[in-house]
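Engineer: what would the 3D arrangement of this be:
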Amino acid sequence: MMNSQVPDVIVQSQAPSGETVTVFIGFPGSGLVGSIALSYIVEKLEFTQIGVITSKYFPPMAMMTEGIIAVPVRIYEKEGMIAIFADIPIHPQICYEVANAILDWLKPVKVSEVVTIAGIITNEPDKRVFCVTTGKELLDKIGENALRLPIGSISGIASSILTECKVRGIPAIGLLGETINAPDPRAAAATIEVMNTIYQLQVDTAGLIEQADEIEAQMHRLSEDVQSAEEQTVKVDPMLPMYG
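Structural biologist: Numbering: from 1, shown residues only. Have a look, this model is predicted:
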């Protein structure tokens, strides 16, 4: 059992089975890209849960499936890969502590790379994937598979993890799926395809694309229902005041 405790953030987990690990991290953010992508990878590749992360500063909620509670922040592994993802957002005031707790927990093993997965909101309809890294050699490894962010900043837990990796000399990559500010399986699928190429994951993203179609159809129906309701309101009494 490997336990790490930063004040107010507790990691409780079995030790990873491999001596060298690649660590994938995804927390809710823009488009939920990181959490959607990693939960899908964990399911498709049948990772095994080995631990959890808890904190009194996490939102007081828990996810459940068929009546079974799941701790909101979980740790999984498979064949030299670690996946850490969450069902809850991490408040900015505790991002530093969470990043340090994760990296402290990883101290006993050799980390080949840490890969954070997140979303980036743009005004473009494409589903491009951008990248940032802690060193030029990692940019060379990514090659043409993702677009480099030439200048700017990132925020949230992903930025805290990448910054702390830079400070500690741990190689790290940030993959940012181009997204809108709504759950975006298409952006998650595009990011997984980049990971497939770089890490030979061989994850079929067809299921995520199907989910994307369903979500978009639901949003379209909702829009039509809202428009229809507004039209009915006007027909009933066109003199009623309109607000919005």
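Engineer: from here on, contacts and neighbour counts on C-alpha atoms
Structural biologist: Noted.
Engineer: what residue is smack in the middle of this protein?
Structural biologist: Nearest to the geometric centre of the chain sits residue 34, at 1.5 Å (C-alpha atoms, centre = their mean).
Engineer: contacts for the helix or strand hosting it?
Structural biologist: Per DSSP states H and E: residue 34 is located in helix 33-45. Contacts to helix 33-45, defined as C-alpha atoms under 8 Å, 6 or more residues apart in numbering, come from residues 24-28, 76, 83-87, 116-119, 177, 179, 183-185, 187-189, 191-192, 203, 208.
Engineer: try it again at 7 Å.
Structural biologist: Contacts to helix 33-45, defined as C-alpha atoms under 7 Å, 6 or more residues apart in numbering, come from residues 26-28, 83, 85-87, 117-119, 177, 184-185, 187-189, 192, 203.
Engineer: ok, longest strand in this protein?
Structural biologist: The single longest strand within the chain, with elements called by DSSP state E, is strand 110-121.
Engineer: name every strand pairing with the helix or strand following it and say which way it goes.
Structural biologist: Next helix or strand after strand 110-121 toward the C-terminus (DSSP H and E): strand 129-133. Using DSSP bridges, the strands paired with strand 129-133 are strand 147-148 (parallel), strand 172-179 (antiparallel).
Engineer: could you tell me the angle between the longest one and strand 110-121?
Structural biologist: So that's strand 172-179. If you take axes from the mean of the first three to the mean of the last three C-alpha atoms, to 10 degrees, strand 172-179 sits at 20 degrees to strand 110-121.
Engineer: and the average pLDDT for strand 172-179 is what?
Structural biologist: For strand 172-179, mean pLDDT is 95.
Engineer: centre of the chain versus that strand, how much separation?
Structural biologist: When distances are taken as C-alpha atoms, centre = their mean, to the nearest Å, strand 172-179 is centred 9 Å away from the chain's centroid.
Engineer: identify all contacting residues around it.
Structural biologist: With C-alpha under 7 Å, 6+ apart as the test, strand 172-179 has contacts from 31, 33, 113-122, 127-134, 162, 165, 187-188, 190-191.
Engineer: where does the prediction get shaky in this protein?
Structural biologist: Within the chain, the set of residues satisfying pLDDT under 70 comprises 1-6, 215-244.
Engineer: about what we covered before: send me the helix holding residue 34 as CSV with only the CA atoms.
Structural biologist: In CSV, the C-alpha atoms belonging to helix 33-45 read as follows (Å, rounded to 0.1, in the frame of the first residue of the first chain):
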residue,chain,number,x,y,z
VAL,A,33,-12.5,16.5,-22.1
GLY,A,34,-10.1,15.0,-19.6
SER,A,35,-12.6,13.1,-17.5
ILE,A,36,-14.6,11.9,-20.6
ALA,A,37,-11.4,10.7,-22.3
LEU,A,38,-9.9,8.9,-19.4
SER,A,39,-13.1,7.3,-18.2
TYR,A,40,-13.6,5.9,-21.7
ILE,A,41,-10.0,4.7,-21.9
VAL,A,42,-10.2,3.0,-18.5
GLU,A,43,-13.4,1.2,-19.5
LYS,A,44,-12.3,0.1,-22.9
LEU,A,45,-8.9,-1.1,-21.9
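Engineer: what sits against residue 113?
Structural biologist: Neighbour list for residue 113: 22, 23, 170, 171, 172 [criterion: C-alpha under 7 Å, 6+ apart].
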